[in-house]
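K.L.:
Quick one, structure for this:
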Amino acid sequence: MGRGGCCGGWRNRQRRMEEGGGGARSLVAGGPVLLVLCGLLEASGGGRALPQLSDDIPFRVNWPGTEFSLPTTGVLYKEDNYVIMTTTHKEKYKCILPLVTNGDEEEEKDYKGPNPRELLEPLFKQSSCSYRIESYWTYEVCHGKHIRQYHEEKESGQKVNIHEYYLGNMLAKNLLSEKDQESDEKEKSKEIPTKNIEGQMTPYYPVGMGNGTPCSLKQNRPRSSTVMYICHPESKHEILSVAEVTTCEYEVVILTPLLCNHPKYRFRASPVNDIFCQSLPGSPFKPLTLRQLEQQEEILRVPFRRNKEEELQSTKEERFPAIHKPIAVGSQPMLTVGTTHISKLTDDQLIKEFLSGSYCFHGGVGWWKYEFCYGKHVHQYHEDKDSGKTSVVVGTWNQEEHIEWAKKNTARAYHLQDDGTQTVRMVSHFYGNGDICDITDKPRQVTVKLKCKESDSPHAVTVYMLEPHSCQYILGVESPVICKILDTADENGLLSLPN
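P.N.:
Model prediction:
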């Protein structure tokens, strides 16, 4: 790469950040320093050509002064691997560059050990299973065999009913078939897939499973899953997550130490490579332009620190963050628990509009979203820019049907306070006459449970849905807003405006 090419890339990046606002300093740490160095380089009247610098390898510029010894551990340095930099103010610096070699690439190139399928073979041969327990469903991954989600329910304290769905079965009896072995060479050369896990692009080895329980929402086509095995040295083959990426198609992430023996599947941490720039006789220990830039940055930091608390609070309110936890259901796609922030209407106005059904709560952060309009309906829907909106009516409101339901069920639940008084903890409402269920040939129905939930954010709402029986749902709605109206509930759990 030529001198102009290296610096041109950094200058273009910095220009794009400056055009986008004042966040450039936080986006690329050391960006201004690199720009200064680029200016130095272009003003240089000779010396060695700057070697190619990759954006994948971070660098840090140090100004140690004249008395300095090179590090003897870590990244290697050589006294003759340097460039002479001259600034526009005729300041001269000798910058010693690290001998950057991508050890990971060299190790990957020289690797002659087992392929990922062979590394995972002991796990498949042991007939071992991993489990993940969530609020309603339990997930079972029997490696190399099947993925099952199930719920056990006891009847009369004796009989145990199991409600289960297979999310996928291993189609091939032998993962290391001759065909697979023939493709080993091709696999070594292909790019390893990665997945964003907690902000890090992590390599994984995929194992496909199909022929699961038929899915009524996809014309009874079988459910299928992709099991993603990722390296984690201290793991014991735990299930990290189960997610439904589209209707009845799942992704299961498994942590395993077995893949860590393969260099391509290890987590890569990027070390910072230091560049040491020493001032030559007659030059200050740091360039004048750089010192001026650092002074400007320090001035800008002072008001930032002063307003940091206010800014964080403002950011918290404006971003409306979501906290979600996936919960898969039986005949339906995965449902989710989602905490979002609802409108900043005044409490009185919000309560009035909520009870009239004109303000609806929305939840869900996965494939399916949910809409709950008090006294009107519960809908499940998915929006797609190509196919439009797909909506399922889970239940509709009929006050007479609810009152009949309330005679046989608990519509108003109490909480006993320390002083002996009772307060309403939760109300339950029945919504029936939903869309016909393909499994039961009966209308869908849902019990909506409205619960008080104290929160630092007065307008937060958590919405979650469970399916204890086929097409019979429980919709949980929890919010500080509900705390203000629970005490108005009558014997049927019906709410009204507070005095």
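
K.L.:
The helix or strand where Glu79 lies pairs with which strands, parallel or anti?
P.N.:
Secondary structure assignment for Glu79, by DSSP states H and E: strand 77-86. Neighbouring strands of strand 77-86 in its sheet, by DSSP bridges, are strand 92-98 (antiparallel).

K.L.:
mind checking how far Lys453 is from Val481?
P.N.:
Look at Lys453 and Val481: by C-beta to C-beta, to the nearest Å, they are 9 Å apart. Just so you know, the C-beta spots here come from the backbone N, C-alpha and C atoms, and that holds for glycine as well.

K.L.:
So the two - more neighbours on which side?
P.N.:
Val481 (24 against 16; other C-beta atoms under 10 Å).

K.L.:
wait, doesn't the more buried one sit right on Lys352?
P.N.:
No - using C-beta atoms under 8 Å, Val481 makes no contact with Lys352, being 11.2 Å away.

K.L.:
one step back: which parts of the strand holding Glu79 are buried?
P.N.:
Tyr77, Tyr82, Val83, Ile84, Met85, Thr86 (16 or more other C-beta atoms under 10 Å).

K.L.:
pLDDT averaged over that strand - what is it?
P.N.:
Averaging pLDDT along strand 77-86 gives 85.

K.L.:
Stretch 300-314 too?
P.N.:
According to the model, stretch 300-314 has a mean pLDDT of 54.

K.L.:
try stretch 168-181
P.N.:
Average pLDDT, stretch 168-181: 58.

K.L.:
can you check stretch 219-233 too?
P.N.:
For stretch 219-233, the per-residue pLDDT averages 92.

K.L.:
Kindly check the end-to-end length of that stretch for me.
P.N.:
From its first residue to its last, stretch 219-233 covers 42 Å (C-alpha to C-alpha, to the nearest Å).

K.L.:
Same question for stretch 65-80.
P.N.:
Using C-alpha to C-alpha, one end of stretch 65-80 lies 18 Å from the other.

K.L.:
Buried residues, that stretch. List them.
P.N.:
Neighbour-count burial for stretch 65-80 flags Tyr77 (criterion: 16+ other C-beta under 10 Å).

K.L.:
Which residues outside that stretch are in contact with it?
P.N.:
Outside stretch 65-80, the residues that touch it by C-beta atoms under 8 Å, 6 or more residues apart in numbering are Ile96, Leu97, Pro98, Leu99, Val100, Pro271, Asn273, Asp274, Phe276, Gln278, Ser279, Phe285.

K.L.:
In strands only, show me those.
P.N.:
Counting by DSSP state E, the part of the contacts of stretch 65-80 found in strands is Ile96, Leu97, Pro98, Asn273, Asp274, Phe276, Gln278, Ser279.

K.L.:
Which pLDDT value goes with the second one?
P.N.:
At Leu97 the predicted local distance difference test score is 86.

K.L.:
Same check on the last one?
P.N.:
In this prediction, Ser279 carries a pLDDT score of 89.

K.L.:
Give me the distance between the nearest residue to it once chain neighbours are set aside and Glu298.
P.N.:
Nearest residue to Ser279 in three dimensions, chain neighbours excluded: Phe285, at 5.0 Å (C-beta to C-beta, 6 or more residues apart in numbering). Phe285 sits 18 Å away from Glu298, going by C-beta to C-beta.

K.L.:
okay, those two: which has more neighbours?
P.N.:
Counted by other C-beta under 10 Å, Phe285 and Glu298 do not tie: Phe285 has more neighbours, with 14 against 9.

K.L.:
That one contacts Trp63, doesn't it?
P.N.:
Yes - between Phe285 and Trp63 there is a contact under C-beta under 8 Å: 5.6 Å.

K.L.:
can you tell me which residues contact Trp405?
P.N.:
Per C-beta under 8 Å, 6+ apart, neighbours of Trp405: Ala411, Phe430.

K.L.:
Is it located within a strand, as I assumed?
P.N.:
No - assessed with DSSP: H, G, I helix; E, B strand; the rest coil, Trp405 is helix; it does not lie in a strand.

K.L.:
tell me the pLDDT at it?
P.N.:
For Trp405, pLDDT reads 94.

K.L.:
Which two among the ones in strands among the contacts of stretch 65-80 are spaced furthest apart?
P.N.:
Asn273 and Ser279 (20.9 Å; C-beta to C-beta).

K.L.:
before we move on, the earlier item: now for Phe285 and Trp63: what residues contact both?
P.N.:
With C-beta under 8 Å, 6+ apart as the test, Phe285 and Trp63 both reach Ser279.

K.L.:
how about the helices in this protein?
P.N.:
For the chain, the helices defined by DSSP state H occupy 3-20, 24-27, 31-43, 103-110, 116-125, 178-182, 184-189, 288-306, 308-319, 347-356, 399-406, 480-483.

K.L.:
Which of those helices comes out lowest on mean pLDDT?
P.N.:
Among the helices of the chain, helix 24-27 carries the lowest mean pLDDT, at a mean of 33.

K.L.:
mind checking how far Thr396 is from Arg148?
P.N.:
For Thr396 relative to Arg148 (C-beta to C-beta), the value is 34 Å.

K.L.:
if I pick Val253, what's in contact with it?
P.N.:
Contacts of Val253 (C-beta under 8 Å, 6+ apart): Lys195, Ile197, Tyr204, Met228, Ile230, Ile239, Leu240, Ser241.

K.L.:
Max pairwise distance over those: which two?
P.N.:
Using C-beta to C-beta, the pair of the contacts of Val253 lying farthest apart is Lys195 and Ile239, separated by 14.6 Å.

K.L.:
ok, the two, which is more surrounded?
P.N.:
Legend: neighbour count by other C-beta under 10 Å for Lys195 and Ile239, higher for Ile239 (19 against 14).

K.L.:
separation between that one and Met465?
P.N.:
In terms of C-beta to C-beta, Ile239 sits 22 Å off from Met465.

K.L.:
Repeat that for His89.
P.N.:
With the distance defined as C-beta to C-beta, His89 ends up 66 Å from Met465.

K.L.:
Those two: who's more crowded?
P.N.:
More crowded of His89 and Met465, by other C-beta under 10 Å: Met465, with 25 against 11.

K.L.:
May I have the beta-bridge partners of that one?
P.N.:
Applying DSSP bridges, one finds that Met465 bridges with Leu475.

K.L.:
is it true that it touches Tyr370?
P.N.:
Yes - Met465 is in contact with Tyr370 according to C-beta under 8 Å; the separation is 6.0 Å.

K.L.:
domains for the protein, by residue range?
P.N.:
3-104+269-306, 112-261, 319-488 (automatic domain parsing).

K.L.:
now do the same end-to-end measure for the second one.
P.N.:
The first and final residues of domain 112-261 sit 11 Å from each other (C-alpha to C-alpha).
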